[in-house]
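Colleague: with the sequence up front, the predicted model follows.
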Amino acid sequence: MNIADSEEMFAHLAARGMTHTDNLDEADVVLINTCTVRDHAEHRAVSFLGRLGAWKREKSGRRVIFAGCAAQRLGEKLKKHYPFLDILSGAKNIENFGDTLDNSGLFPAESPQGELLKPNLTGYVTIMRGCNFACTYCIVPTVRGPIKCLPQDEILEAVRRKTAQGAKEIMLLGQTVNAYTDGNTSFADLLNRVSEVSGVQRVRFTSPHPIYFTPAFLEAVKSNPKIARHVHLPAQSGSSKVLAEMKRGYTRETLLEKIRALKEIGMNISTDLIVGFPTETEADFDQTLTLVEEAGFSAAFCYKYSPREGTPAAKMTLHSDKILEQRLEILLNRVRGLAERAYQGQIGTEQEVLMESENKGRSSGNFWVKTHKNYPAGSLVKVNIEKADGTLLFARD
Ligand code: SF4
């Protein structure tokens with residue numbers, strides 16, 4: 001999501017004559033787009049901001065912009081600590097970023113258009129912003145506000161722009177992406193419409209919420225091979241008690257029902273898991289361990305609970321670092337090898353591979369595949385999977 005937001009903000013800078021560089025010495029402007037989901041991410045962004053004071057003093061006219069979720073959360077406090085900061089633009093302000101630049105008086109609005117960032121094979125398209133949930137550990141609803149869905153026409157226009165720039169795969173983005181509706185179009189309809197845009201070979205989406213996988217979504221996937229057979233579905237915990245305390249809106253049982261339905265239509269499922277939520281007991285933690293097996297995830301990103309100021313869970317008594325570390329290590333041991341097993345499970349199947357280089361690409365289920373022959377990047381090829389080595393499949397083609 002941050003990549004998509006950065007691209008959107010950069011387009012406003014490009015409209016004011018900027019071009020992109022990765023080299024700090026060459027830059028006139030640094031845009032730091034931030035995440036605040038975990039404390040660590042926010043610290044890294046703020047400490048990078050701190051280092052830019054010296055960079056700015058080296059050459060007159062240099063500008064620093066701090067944007068996104070950490071900017072929203074920390075607000076004007078940042079300007080006090082870092083008086084050299086030129087523009088602060090919170091996550092709720094991304095759509096109005098152009099006005100923010102104009103109002104700052106630092107960027108002439110009438111400049112020749114700089115070069116836009118070109119998408120790689122995957123074009124990211126935000127279809128909604130914000131979240132209507134209130135998970136007790138999560139800062140997102142505070143910094144991003146309630147859901148705002150973009151109209152279907154605007155989304156399709158953004159998809160056309162991405163394919164015109166060379167994207168073959170479209171990744172639809174939203175905090176609870178499958179809750180999308182613009183009043184007339186459901187998420188299932190939108191997936192079909194996007195897949196019909198000329199040049200779109202595959203459609204992915206992230207992050208879904210389990211409760212929004214409707215029968216219409218399942219039908220859309222079954223009848224449309226362009227919808228990728230991979231879902232990254234954040235489970236967070238395997239304990240119904242902890243899920244209720246997190247206010248996730250589902251139980252272990254209802255989650256497993258959704259997972260079964262997704263697997264029946266051929267979906268490969270990866271997940272996110274949190275260990276050490278304040279109320280998590282040893283028995284609750286065991287439930288997360290058994291969920292990994294029962295759900296048959298192909299990969300799991302595991303995190304220690306990180307309290308976020310301003311959330312209900314931040315007021316609860318924390319587990320010690322020792323417990324957090326121990327549980328994380330046990331869970332990591334449990335999930336180690338999941339991906340390798342999932343890759344082994346692909347041997348003998350036929351897969352459609354979207355080539356990302358001349359001899360490597362990704363299957364619809366998001367498995368990496370190496371081909372025998374060379375193909376142009378961006379082409380879609382059908383291959384049979386002969387063997388797997390770690391997290392790489394080898395095709396007979
Ligand atoms: S669904 Fe929960 S975890 Fe996800 S963004 Fe919304 S509040 Fe945060």
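Modeller: Thanks, I have the structure now.

Colleague: which parts of the stretch 51-200 of the chain are helices?
Modeller: Chain-ordered helices for the stretch 51-200 of the chain, with DSSP state H, counting those that start in this stretch as the definition, fall at 69-74, 77-81, 97-104, 140-144, 152-164, 187-196.

Colleague: the ones you listed: which one's closest to the ligand?
Modeller: The stretch from the helices of the stretch 51-200 of the chain with the least distance to the ligand (C-beta to the nearest ligand atom) is helix 140-144; that distance is 3.7 Å. Placement of C-beta: from N, CA and C, glycine included.

Colleague: quick one on the thing from earlier: redo the helices of the stretch 51-200 of the chain as CSV? Include distance to Arg51, mean neighbour count and mean pLDDT.
Modeller: As requested, the helices of the stretch 51-200 of the chain are arranged in CSV below (distance: least, C-beta to C-beta, whole Å; neighbours: other C-beta atoms under 10 Å; pLDDT from 0 to 100):
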stretch, distance to Arg51, mean neighbour count, mean pLDDT
helix 69-74, 16, 24, 92
helix 77-81, 13, 12, 92
helix 97-104, 22, 16, 93
helix 140-144, 24, 21, 89
helix 152-164, 33, 17, 96
helix 187-196, 40, 20, 98
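
Colleague: mind putting the ones you listed into TSV with distance to the ligand?
Modeller: Compiled in TSV, the helices of the stretch 51-200 of the chain are given as follows (distance: least, C-beta to the nearest ligand atom, whole Å):
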stretch	distance to the ligand
helix 69-74	11
helix 77-81	23
helix 97-104	21
helix 140-144	4
helix 152-164	20
helix 187-196	15
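
Colleague: let's have the ones you listed in JSON lines, adding distance to Cys131.
Modeller: Converted to JSON lines, those look like this (distance: least, C-beta to C-beta, whole Å):
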{"stretch": "helix 69-74", "distance to Cys131": "12"}
{"stretch": "helix 77-81", "distance to Cys131": "24"}
{"stretch": "helix 97-104", "distance to Cys131": "20"}
{"stretch": "helix 140-144", "distance to Cys131": "5"}
{"stretch": "helix 152-164", "distance to Cys131": "18"}
{"stretch": "helix 187-196", "distance to Cys131": "15"}
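
Colleague: out of these, which gets nearest to Asp25?
Modeller: Taking C-beta to C-beta as the measure, these were each checked against Asp25, and helix 97-104 came out nearest at 23.0 Å.

Colleague: now do the closest one: everything it contacts.
Modeller: Applying C-beta atoms under 8 Å, 6 or more residues apart in numbering, the external contacts of helix 97-104 come out as 8-9, 12-13, 15-16, 67, 86-87, 89, 93, 107, 109.

Colleague: go on, stretch 305-315?
Modeller: For stretch 305-315, with C-beta under 8 Å, 6+ apart as the criterion, the contacting residues are 36-40, 73, 136-139, 142, 246, 274-278, 280, 318-319, 324.

Colleague: give the buried residues for that stretch.
Modeller: Of all the residues in stretch 305-315, those buried under the rule 16 or more other C-beta atoms under 10 Å are 305-306, 308, 311, 313.

Colleague: from these, pick the one nearest the ligand.
Modeller: Ranked by distance to the ligand (C-beta to the nearest ligand atom), the buried residues of stretch 305-315 are led by Thr311 at 9.1 Å.

Colleague: which ones are touching whichever residue of the stretch 151-300 of the chain sits closest to the ligand?
Modeller: Closest approach of the stretch 151-300 of the chain to the ligand (C-beta to the nearest ligand atom) occurs at Gln175, with a separation of 4.2 Å. When contacts are counted by C-beta under 8 Å, 6+ apart, Gln175 touches 1, 128-131, 140, 144, 147, 207.
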